[in-house]
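J.: Need coordinates for the following:
(one chain, ligands or ions: 1)
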Amino acid sequence: MANDTGRFQAIISHCKEYGFIFPSSEIYDGLSAVYDYGQYGSELKKNIKDHWWKSMTQLHENIVGIDAAIFMHPTTWKASGHVDGFSDPMIDNKDSKKRYRVDHLIEARIDELEKANKMGEASELQEKMDRLLAAGDLAGLKQLIEDEDIICGISGTSNWTDVREFNLMFSTQLGSVTEEASEIYLRPETAQGIFVNFLNVQKTGRMKIPFGIAQIGKAFRNEIVARQFIFRMREFEQMEMQFFIRPGTEKQWYEYWKEARMKWHFELGIPKEKSRFHDHVKLAFYADAACDIEYDFPFGFKEVEGIHSRTNHDLSRHQEFSKKKMQYFDNEINQNYIPYVIETSIGLDRTVLMVLSEAYWEEDLSTPEKPDSRVVLKFPPRLAPIKLAILPLTKKDGLPEIARELMETCKPQFRCFYEEKDAIGKRYRRMDAIGTPFCVTIDHQTREDQTVTIRHRDSMQQERVAISAIPGIVNKAIF
Ligand code: GAP
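T.: The predicted structure is shown next:
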């Protein structure tokens, strides 16, 4: 297996070569930090979305889903605090003119110290940075960069500007670009679409607290330092759920959702030792407690999901700005209140990258007689883009006809792939490379006794079963 950096590069190349993820508008040399999902990537992403949606809405009787617009009234972002507070501290190198996120710059130094086994110095630096970020001490952060002699990777100098805050929201004009045009934002999180619909859903759905509203959709952030493939993009997708609760129960529900969400990660096949909680030191402007679920990517432990206890900040602010009451009458305690909220917010693209990183294996299959290897994506079957490949051994003798018949039976039930071309071994390898859990081969014996061989992706074991058993075997594995 390639080392971690090599492994990450190998995953990126594999994604491109096998139709999972392409740089956006590649024929024009791409657009920085924007990516397109190809034929298999979009299936994988959709399967992850469906799994999340089902686990949130279908399996929780008190959670419903919505699909709000990306454009929202501009006052939404004033009320939510994003206009004034959604920014990152940045610093520019005066020689290279390159802009850096301050935390990324210092984290790179922490990584260097860790690699040099200077763990004490690394954790001391981490603590200093966290303290300064929490205090919003921009001058202190600049001083820290200077004290650490951190230099720009391009110019090689430490000729830094002061640290400044940069807002991450994209804005555009609504209406014709004339006097009437007004500035609106591309939403930087899907959550606000849920908050502004709180009363609509609560009333029309006759929802009783505690209840949740879930949503999947695009979000946009003008990330200055966009990097690490689909980990940090400017256009990305979030799967968010706001859980509305009685004030005073926030600690209990925060713990509940921490545990429930970690369990969901394990259901994706993530091993326990590669997932961890990370408590926030610097709380976002709306939270009274917050943590991340981090995954051990090939480039280290990084955030995939945030769990935030958002108090009644958002609803209170929307009440203040819209002058519409955001209250709920709790008839169990005979009281009106603005509900508190626990939010679970997971990046869909980061989840795709996590699942891909976990699934990617390079296997050496050499024998003393012959060198051999394969790349296989060991997706949990329910997430695999293609569930079943149907492969007639030859193009003649009536085998394609039998294969086509099986295809007609299976394709309404799950995603199948039909292929007659090339040697069977080559076809198996292509299916391994896109993570297809089952391949069925129709051969001459099939004509005699209606049996086929089914090949299992991970073990490469083959067994002979009745052709009629195939839909059942696949359905059982993907449920
Ligand atoms: N509503 C709360 C919220 O948006 P966040 O921690 O800023 O919280 C939630 O974002 C999740 O969205 C993150 O855990 C991450 O998975 C994903 N995310 C955030 N910024 C991203 C980016 N630039 N590219 C890809 N995913 C991103």
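J.: what's L399 in contact with, if anything?
T.: Residues counted as contacts of L399 (C-beta atoms under 8 Å, 6 or more residues apart in numbering) are 392-393, 442-444, 446-447. The way it works is simple: take the backbone N, C-alpha and C, and place the C-beta from them, glycine included.
J.: Weed out the non-buried ones from these.
T.: Among the contacts of L399, the ones that count as buried by 16 or more other C-beta atoms under 10 Å are 392-393, 442-443, 446.
J.: Out of the residues you listed, name the ones that lie in helices.
T.: Among these, the members found in helices (DSSP state H) are T446.
J.: Among the buried ones among the contacts of L399, name the ones in strands.
T.: If you go by DSSP state E, the buried ones among the contacts of L399 have 392, 442 in strands.
J.: partner strands of the helix or strand in which Q238 is found, parallel or antiparallel?
T.: Here Q238 sits within strand 235-245, counting by DSSP states H and E. Paired with strand 235-245 in the same sheet, following DSSP bridges, are strand 211-220 (antiparallel), strand 340-347 (antiparallel).
J.: Determine which stretch of those is the most buried.
T.: Comparing the strands paired with strand 235-245 by mean neighbour count (mean count of other C-beta atoms under 10 Å), strand 340-347 ranks first with a mean of 24.
J.: Give me every residue in this structure lying close to the ligand.
T.: 189, 191, 221, 223, 232-233, 236, 238, 240, 303-306, 343, 345-347, 349-350 (C-beta under 6 Å from any ligand atom).
J.: go with 8 Å
T.: By the rule C-beta under 8 Å from any ligand atom, the part of the chain lying against the ligand is 33, 188-191, 219, 221, 223, 226, 230-234, 236-238, 240, 284, 292, 303-306, 308, 343, 345-351.
J.: Pairing partners for the residue nearest to P210 when sequence neighbours are not counted in the sheet, please.
T.: Using C-beta to C-beta, 6 or more residues apart in numbering and skipping the chain neighbours, the partner closest in space to P210 is I245 (4.7 Å). As for beta bridges, I245 partners with Y340 under DSSP bridges.
J.: How much space separates I245 from the ligand?
T.: Taking C-beta to the nearest ligand atom, to the nearest Å as the measure, I245 falls 17 Å from the ligand.
J.: again, but for D137
T.: 22 Å.
J.: Name all residues that make contact with that residue.
T.: With C-beta under 8 Å, 6+ apart, D137 has no contacts at all.
J.: can you check M207 too?
T.: Applying C-beta under 8 Å, 6+ apart to M207 gives the contacts 62, 64, 201, 244.
J.: helices and strands around the helix or strand following the strand holding Q238, which ones?
T.: Per DSSP H and E, strand 235-245 leads on to helix 250-267 as the next helix or strand towards the C-terminus. Judged by 3 or more C-beta pairs under 8 Å, 6 or more residues apart in numbering; DSSP states H and E, helix 250-267 is in contact with strand 235-245, strand 275-279, strand 289-297, strand 300-311, strand 340-347.
J.: contacts for the fourth one?
T.: Judged by C-beta under 8 Å, 6+ apart, the contacts made with strand 300-311 from elsewhere in the structure are 111, 231, 242, 250-251, 254, 257-258, 261, 265, 276, 278, 284, 286-295, 340-347, 350-351, 354.
J.: before we move on, which element is the residue of the stretch 1-150 of the chain found nearest the ligand in?
T.: Across the stretch 1-150 of the chain, no residue is closer to the ligand than A33, which sits at 7.7 Å (C-beta to the nearest ligand atom). Assigned by DSSP H and E, A33 belongs to neither a helix nor a strand.
J.: pLDDT below threshold where in the protein?
T.: Low-confidence segments of the chain, defined by pLDDT under 70: 1-3, 176-181, 225-226, 285.
J.: Quick check, the residue in the stretch 251-400 of the chain closest to the ligand?
T.: The ligand sits closest to G347 of the stretch 251-400 of the chain, with a gap of 2.3 Å, by C-beta to the nearest ligand atom.
J.: Do I have it right that H278 meets A290?
T.: No. Using C-beta atoms under 8 Å, H278 is not in contact with A290, being 9.7 Å away.
J.: In terms of neighbours, single out the busier of these two.
T.: The residue with more neighbours, out of H278 and A290, is A290; 21 against 14, by other C-beta atoms under 10 Å.
J.: Hmm, that one is touching K282, no?
T.: No. Look at A290 against K282 with C-beta under 8 Å: they stay out of range, at 9.3 Å.
J.: need the helices for the stretch 301-450 of the chain, in chain order.
T.: Along the stretch 301-450 of the chain, the segments classed as helices by DSSP state H, counting those that start in this stretch run 313-322, 348-359, 399-410, 424-434, 444-449.
J.: got JSON lines for these, with distance to N159 too?
T.: Formatted as JSON lines, those follow (distance: least, C-beta to C-beta, whole Å):
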{"stretch": "helix 313-322", "distance to N159": "40"}
{"stretch": "helix 348-359", "distance to N159": "34"}
{"stretch": "helix 399-410", "distance to N159": "64"}
{"stretch": "helix 424-434", "distance to N159": "47"}
{"stretch": "helix 444-449", "distance to N159": "73"}
